[in-house]
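Trainee: Could you look at this predicted model? Sequence included:
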Amino acid sequence: MFGIVRDSHCNQLYSNGQKKPSYVELTKQFITQAKLELLWLKEVASTPLQQSLKDLDQAYKNFFDSCKGKRKGVGTPAKYAKQTAVC
């Protein structure tokens, strides 16, 4: 359900010239909407929901910053970095 809502929301934002939804917009829209549709969410803490949206917001920022060259993208982990042979 949320995937369809998020996709249509993102398409609408993109057509209006916005690139990504802000954390505040996501919180207002998805947590409020989720608690109306899924009644059991009212009984649990909202902290995990908020943290998942913060993680999503950070992922958006990291992705767009790496596209612009402001942030280095994902590379090879140090453990598996290419090593030269010592003879």
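Mentor: Here it is on my side, so go on.
Trainee: what's the closest non-adjacent residue to Tyr60?
Mentor: Nearest residue to Tyr60, sequence neighbours excluded (CB to CB, 6 or more residues apart in numbering): Lys20, at 4.7 Å. In short, each C-beta sits where N, CA and C put it, glycine included.
Trainee: what secondary structure does the one you found sit in?
Mentor: Put simply, Lys20 is coil when judged by DSSP: H, G, I helix; E, B strand; the rest coil.
Trainee: For it, grab the count of nearby residues.
Mentor: 17 (other CB atoms under 10 Å).
Trainee: same deal with the one 5 residues further on?
Mentor: Counted with other CB under 10 Å, the burial measure for Glu25 works out to 15 neighbours.
Trainee: cool, Pro48 as well?
Mentor: If you count neighbours by other CB under 10 Å, Pro48 ends up with 10.
Trainee: give me the element it is part of.
Mentor: Following DSSP states H and E, one finds Pro48 within helix 47-68.
Trainee: CA atoms only: put that helix into PDB for me.
Mentor: Extracted in PDB, the C-alpha atoms of helix 47-68 (Å, rounded to 0.1, in the frame of the first residue of the first chain):
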ATOM      1  CA  THR A  47       9.800   6.400  17.200                       C
ATOM      2  CA  PRO A  48      10.600   3.400  14.900                       C
ATOM      3  CA  LEU A  49       8.400   5.000  12.200                       C
ATOM      4  CA  GLN A  50      10.000   8.400  12.600                       C
ATOM      5  CA  GLN A  51      13.500   6.800  12.500                       C
ATOM      6  CA  SER A  52      12.700   4.900   9.300                       C
ATOM      7  CA  LEU A  53      11.700   8.200   7.700                       C
ATOM      8  CA  LYS A  54      14.900   9.900   8.900                       C
ATOM      9  CA  ASP A  55      16.800   7.000   7.400                       C
ATOM     10  CA  LEU A  56      14.900   7.500   4.100                       C
ATOM     11  CA  ASP A  57      15.700  11.200   4.100                       C
ATOM     12  CA  GLN A  58      19.400  10.600   4.700                       C
ATOM     13  CA  ALA A  59      19.400   8.000   1.900                       C
ATOM     14  CA  TYR A  60      17.900  10.600  -0.400                       C
ATOM     15  CA  LYS A  61      20.500  13.200   0.600                       C
ATOM     16  CA  ASN A  62      23.400  10.700   0.200                       C
ATOM     17  CA  PHE A  63      22.100   9.600  -3.300                       C
ATOM     18  CA  PHE A  64      21.600  13.100  -4.700                       C
ATOM     19  CA  ASP A  65      24.900  14.400  -3.200                       C
ATOM     20  CA  SER A  66      26.800  11.500  -4.800                       C
ATOM     21  CA  CYS A  67      25.100  12.200  -8.100                       C
ATOM     22  CA  LYS A  68      26.300  15.900  -7.800                       C
END
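Trainee: Appreciated, that's everything.
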